[in-house]
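>>> Mind looking at a prediction? Sequence and model below.
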Amino acid sequence: MKKLFLPSLLVFIVYYTIIDKPTQNKIEEKIISYTQEDTSVVEESETEVKSTPKKEVSTGGGSIKKGRSPEVTDYFNEVVMNTEFGGPRKTAYTWKKDMLIYVDGEKPEYLMDELKRIVGELNDIINPIELKIVSSPAESNYTIYIGSHVDFKNKYKLLEPQLLERNWGYFELYNNSGVMYIDTYRNGDKTSYKHLLREELTQSLGLFNDSYKYPESIFYQGWTTTTEFAPIDREIIDMLYNN
């Protein structure tokens, strides 16, 4: 057992809302994610949590290939088939159509370049759908807002706007659409902006949970500013979309 002073805590909440329309009665899943500034001292257990690897796991698009290593399969189960507060998922969430990304708010060149790099890397991994950056809201089904949390809250109708008060990164995801933001006012580290952009966008693809297993992973539960996918990240993204 050791104590860590963490500048950030990642949290996920899952909401289920019944949509009742004359021509449509269905359950729509709403997933909220946010990166919370936290200066409290927390305890981290050094005991590894063991789980039983499975040869196959049911996902939204198929099942995990049997040739995957137990380590990769276990990490997939943890990151994709779980949410922090919603518990285990019966099926994985995947986009069924292209993610069309519109950037709103501030558009610093270095972050736009970073977004293009992230989108390119994800498209190299994912085959069934493609991520594209579009030039207008009308073309999009996913919005990235860069700037002030106050401006973001005022402009978009959010499910939990109060969560923005102490959060630097956040997304709300609906069935094949969503919105996210990166706070560039209360956090002055440009590297962390790049990290949050990569993490929140990637998690919006259906990789909702975090883990303490791999510090080099973009899905690491503790605060990091990594701006690259770890090899195991690429494997579980590939698992989710390319079975």
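Received it, and whenever you're ready, just let me know what you need. Numbers count the residues shown, from 1 in each chain.

>>> in this structure, which helix has the most residues?
helix 109-125 (DSSP state H).

>>> where does this protein dip in pLDDT?
1-67, 84-86 (pLDDT under 70).

>>> Walking through it, point out its strands one by one.
For the chain, the strands defined by DSSP state E cover 2-5, 8-21, 24-37, 41-44, 58-59, 62-63, 82-83, 87-88, 99-105, 131-133, 142-147, 167-174, 177-183.

>>> tell me what the longest helix of the chain is packed against?
Packing partners of helix 109-125 (3 or more C-beta pairs under 8 Å, 6 or more residues apart in numbering; DSSP states H and E): strand 99-105, strand 131-133, helix 190-203, helix 231-241. (Glycine included, C-beta is placed from N, CA and C.)

>>> again, only this time at 10 Å
For helix 109-125, the packing partners by 3 or more C-beta pairs under 10 Å, 6 or more residues apart in numbering; DSSP states H and E come out as strand 99-105, strand 131-133, strand 142-147, helix 190-203, helix 231-241.

>>> so how far is Phe219 from the most centrally placed residue in the chain?
What sits nearest the mean C-alpha location of the chain, by C-alpha atoms, centre = their mean, is Gln203, with 1.8 Å. Using C-beta to C-beta, to the nearest Å, Gln203 is found at 7 Å from Phe219.

>>> Next: Phe229.
Between Phe229 and Phe219 the computed distance is 10 Å (C-beta to C-beta).

>>> got it, and Asp151?
For Asp151, the distance to Phe219 (C-beta to C-beta) stands at 28 Å.

>>> Please apply the same query to Asn127.
21 Å.

>>> So which of the two has more stuff around it?
Counted by other C-beta atoms under 10 Å, Asn127 and Phe219 do not tie: Phe219 has more neighbours, with 24 against 10.

>>> Show the contacting residues for the more buried one.
Contacts for Phe219 were tallied using C-beta atoms under 10 Å, 6 or more residues apart in numbering; they are 10, 75, 78-80, 199, 202-203, 207-211, 213, 229-230, 232-233, 236.

>>> What distance do you get for the residue nearest to the centre of the chain to Met180?
Distance of Gln203 to Met180, computed by C-beta to C-beta: 9 Å.

>>> tell me, what's touching Phe229 and Phe219 both at once?
202, 236.
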